[in-house]
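Engineer: Need a 3D model of the sequence below.
(4 chains)
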Protein chains: 2
Amino acid sequence: MPELPEVRHLSHQMDGELRGRTIAGVDVAQPKCLNVPLSEFERLTVGRTVTKVTSRGKWVFVTLEPGSMFLLSLGMGGEALLHAKGEPVPDNRQVAFRFGDGSALSLHFWWFGYAHVVPSAELSSHAMTSRLGLDPLNEVEFTWSAFDYLLEMRKRSAIKAVLLDQKNIAGIGNVYIQDILFAARLHPMRKAGDVSSAERQDLYGAIRSQLRHALELGGLAYEKDLYNQSGGFKDFLVGYREGKPCPVCGTAVQKVKTGSTASFICPSCQT
Amino acid sequence: MPELPEVRHLSHQMDGELRGRTIAGVDVAQPKCLNVPLSEFERLTVGRTVTKVTSRGKWVFVTLEPGSMFLLSLGMGGEALLHAKGEPVPDNRQVAFRFGDGSALSLHFWWFGYAHVVPSAELSSHAMTSRLGLDPLNEVEFTWSAFDYLLEMRKRSAIKAVLLDQKNIAGIGNVYIQDILFAARLHPMRKAGDVSSAERQDLYGAIRSQLRHALELGGLAYEKDLYNQSGGFKDFLVGYREGKPCPVCGTAVQKVKTGSTASFICPSCQT
DNA sequence: GGCATCAACACAGA
DNA sequence: CTCTGTGTTGATGC
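Structural biologist: All right, here's what the predicted structure looks like:
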C-alpha cells in the first residue's frame, strides 16, 4: 500500500468510516513501529476520537481529538484493515486499535512501517512528515513553475532521484515512477538540468495523469484497501514488464540498476 | 612550501632564528588570510615573544608568550622569509611581522594560505589544526599497528584518499604521495581494504623513508626556505614525469585523473 | 600543490 | 515496493 494513490484512497475510506469513533484500546505486537514508549502511545491515543483523516505523500494523518495526531506509514507494503464489531482481528497484526463501538482497525507491515503519534502542537517537529514536499495532485501547490524550479534546484541529480525524493514531491515511489518516466521518454539517470523545457512539461503532465488515473482506479491491483479489496490499476506500460515489448516501439523492456533502485525502461524510447 | 618536509624544515629554521624575538608590529595586506579581525589579530600578537616553533602536518605552530599561538599554513605554495634589520620587506607580502630588533618575517601566499592566531587556551578549538592526524615521522605515534588500523577503518576508500586525508596522517600532499605509492607498487585507486599486509608494510616504509629523505634534503627544489634557499629534493621516480620511462620497467609514466586529483603512475608496476 | 562546505551517492540497519 | 543515518566522493570557492 505504498504510494500516493493507494495511501490517498485509503485515507479517503478511513475518513468516511472512522470519523466519530473513539479509541477504547490499542494492541501493539511490535513496539519498534512506534515513535514513543507504549505507555506514552496509549496515553496519546486511548480515549480520543477520530475527527478527520487526510494524507500527504505516503503518510496517513489521523486527527484524534482532543490534541493528538496519529501518523501512519505502511512502508514497503502493508495493510490497514477495518473490522466490524464481532469480527476477529487477524493474527500477526503489528498494531490494532479497538474502538468504543466494538469495531477495530488493524495494521500489518510486511517489512517495515511506522505507527507514530504526536501531540498536535508538536506535529511540526515530527521529522518524517514535517519536510514532505509538494502534493502532486494539489494543483495549487504543484504548479508548473514550482516543478520547473525544483528541477533547476537539483539539476545535478538524476531525474529519478529528484522525483523519488519525498522532500521534493511527496508520494511517488519506485512503482509509479516507472511509467511516469516512460511517458516522458526520459532515462532515469538523465541529469535534471539536462531535461529540456518541453520534456519537463511532458514529465509534469505524466506525473499528474499517472497518479490521478491510479487513484481513480483505487490504486494497485496487488494492494488491499480498508475493506480488503484490491485496486484496479494493473496495466503497466513498462514497469515490472522485463522482457515484454515496449508498447510504443516493440523493443524488449530492460530491468536495469539505477543507483540503488531498479528501473524498467525501454532502451530505445527513453534517453 | 606545502608538505611535511618543507614545513618541518621551515619550522626548524624558524625555531632556531625567532626564539626570543618580540613582535613590534604586523602589516596585513590580505585580511582574508586571518581568522579574526585585524585589530584582534594585532592584540594577540603585538608585544608577544616567540618562545618555540614546531610543526604538524602542513601547519607551523609558533608559540607567542604570553598566551598566544600563531598558526601558519602556506596552502598550495607560498613562502615565509626572514629579513635582517635594515633589509626591505618585499612587495606583495600578504602578511609581515616586524620584530623589536628590526628584523622581520614576511609571508607570501601564491594562491591561498592561512595566518591564524588563537589564545593558547583555545588552541584545541581551532578546527583546522585540532583534528590533524598522526605525524608520519614520529615513531611513537605513527606505529605500524596504528597505520594498519587506519587502513582497516577506511577500507572502502581509495588508498590515495586515505593517505591524503589530513585527519588520518598529517603532512602528505599530492606531491610526495606520487612516489610513495610508486614505491609500494600501489595504484592510487586501490581500496585500502584490498591492500595486503605485505603491501601495507611496504607502504608504511615508503611513507617514512620518502618523507625523511626529503626532509634531510631540505624539501623540494622548487620551494624556498626561511633564507630563500631552495631545497635539494628533485629526483622524482614517477611524480610529475608524464611520458618519461618508469625507472623500474621502462613503461611510460601516465598522468591520470584519480577522483579530483591528478596522479602520475607506472601503469605496469602499480596495480 | 590546500582546505572547508555542500550536494549527491552508496550502504547498512530498522 | 520504505526511510534514516553514516561515510565517501565530487564540485565549488576562497
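
Engineer: which helix is the longest one in chain A?
Structural biologist: helix A:197-216 (DSSP state H).

Engineer: so what's residue A:241 closest to, chain neighbours aside?
Structural biologist: residue A:253 (4.9 Å; C-beta to C-beta, 6 or more residues apart in numbering or on different chains). (C-beta placed from N, C-alpha, C; glycine too.)

Engineer: Can you report phi and psi for the one you found?
Structural biologist: phi -70, psi 140 (degrees, to the nearest 10).

Engineer: what pLDDT does it get?
Structural biologist: pLDDT recorded at residue A:253 is 97.

Engineer: Check the contact between it and residue A:245; I expect there is one.
Structural biologist: Yes: if you go by C-beta atoms under 8 Å, residue A:253 and residue A:245 touch, sitting 7.4 Å apart.

Engineer: Who has more neighbours out of those two?
Structural biologist: For residue A:253 and residue A:245, the more surrounded residue by other C-beta atoms under 10 Å in any protein chain shown is residue A:253, and the numbers stand at 23 against 13.

Engineer: what sits against the more buried one?
Structural biologist: Counting by C-beta atoms under 8 Å, 6 or more residues apart in numbering or on different chains, residue A:253 touches A:238, A:241, A:242, A:243, A:244, A:245, A:246, A:264, A:265, A:266.

Engineer: PyMOL command for the buried members of these?
Structural biologist: Restricted to buried positions by 16 or more other C-beta atoms under 10 Å in any protein chain shown, the PyMOL selection for the contacts of residue A:253 reads:
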select buried, chain A and resi 238+241+246+264+265+266
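
Engineer: Tell me the one of the contacts of residue A:253 nearest DNA strand C?
Structural biologist: Distance to DNA strand C, by C-beta to the nearest atom of the strand, is smallest for residue A:265 among these, at 16.4 Å.

Engineer: My guess is the closest one contacts residue A:180. True?
Structural biologist: No: counting by C-beta under 8 Å, residue A:265 stays clear of residue A:180, with 11.9 Å between them.

Engineer: one step back: so which bits of the longest helix of chain A are buried?
Structural biologist: A:199, A:200, A:202, A:203, A:204, A:206, A:207, A:208, A:210, A:211, A:214, A:215.

Engineer: So which other helices or strands are in contact with it?
Structural biologist: helix A:4-18, helix A:144-153, helix A:176-183 (3 or more C-beta pairs under 8 Å, 6 or more residues apart in numbering or on different chains; DSSP states H and E).

Engineer: So for the longest one, mean pLDDT?
Structural biologist: Helix A:4-18 shows a mean pLDDT of 98 in the predicted model.

Engineer: Then stretch A:162-170?
Structural biologist: 96.

Engineer: is it up against DNA strand D anywhere?
Structural biologist: Yes: counting by C-beta under 7 Å from any atom of the strand, DNA strand D has neighbours in stretch A:162-170: A:164, A:166.

Engineer: how long is that stretch from one end to the other?
Structural biologist: 11 Å (C-alpha to C-alpha, to the nearest Å).

Engineer: quick revisit: make JSON lines out of the helices and strands packed on helix A:197-216 and add mean neighbour count and distance to residue B:144.
Structural biologist: Converted to JSON lines, these look like this (neighbours: other C-beta atoms under 10 Å in any protein chain shown; distance: least, C-beta to C-beta, whole Å):
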{"stretch": "helix A:4-18", "mean neighbour count": "22", "distance to residue B:144": "57"}
{"stretch": "helix A:144-153", "mean neighbour count": "15", "distance to residue B:144": "48"}
{"stretch": "helix A:176-183", "mean neighbour count": "24", "distance to residue B:144": "51"}
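
Engineer: Any chance of TSV for these, columns distance to DNA strand C?
Structural biologist: Shown next, in TSV, are the helices and strands packed on helix A:197-216 (distance: least, C-beta to the nearest atom of the strand, whole Å):
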stretch	distance to DNA strand C
helix A:4-18	18
helix A:144-153	7
helix A:176-183	14
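
Engineer: Residue B:84 is nearest to which of these?
Structural biologist: Across these, residue B:84 has its closest neighbour in helix A:144-153 (57.4 Å, C-beta to C-beta).

Engineer: Taking helix A:197-216 as reference, get the angle to that closest one.
Structural biologist: 120 degrees (axes from the mean of the first three to the mean of the last three C-alpha atoms, to 10 degrees).

Engineer: For helix A:144-153, the averaged confidence score.
Structural biologist: Helix A:144-153 comes out at a mean pLDDT of 95.

Engineer: now what about the helix or strand following that helix, what contacts it?
Structural biologist: Remark: after helix A:144-153, the chain's next helix or strand is helix A:159-164, criterion DSSP states H and E. Under the criterion C-beta under 8 Å, 6+ apart, residues A:150-151, A:154, A:168-169, A:172-174, A:177, A:180-181, A:186, A:188-192, A:195, A:203, A:207, A:258-259, A:261, A:263 lie in contact with helix A:159-164.

Engineer: Quick check: the gap between the nearest residue in space to residue A:271 that is not next to it in sequence and DNA strand C.
Structural biologist: Nearest non-adjacent residue to residue A:271, counting by C-beta to C-beta, 6+ apart: residue A:187, 5.4 Å away. In this view, residue A:187 and DNA strand C are 13 Å apart by C-beta to the nearest atom of the strand, to the nearest Å.

Engineer: Ok, residue A:267 next?
Structural biologist: Taken as C-beta to the nearest atom of the strand, the span from residue A:267 to DNA strand C is 19 Å.

Engineer: What's the local residue count around that residue?
Structural biologist: 14.

Engineer: so how far is the longest helix of chain A from its chain's centroid?
Structural biologist: 16 Å (C-alpha atoms, centre = their mean, to the nearest Å).

Engineer: thinking again about what came up before, how about the contacts made by the residue nearest to residue A:271?
Structural biologist: A:181, A:265, A:270, A:271.

Engineer: Same check on residue A:246?
Structural biologist: Contacts of residue A:246 by C-beta under 8 Å, 6+ apart are A:237, A:238, A:252, A:253, A:266, A:268, A:269.

Engineer: What is the neighbour count of the first one?
Structural biologist: As a burial measure, residue A:237 scores 19 neighbours (other C-beta under 10 Å).

Engineer: Look at it and report its pLDDT.
Structural biologist: 97.

Engineer: so it, which of the three states?
Structural biologist: coil (DSSP: H, G, I helix; E, B strand; the rest coil).
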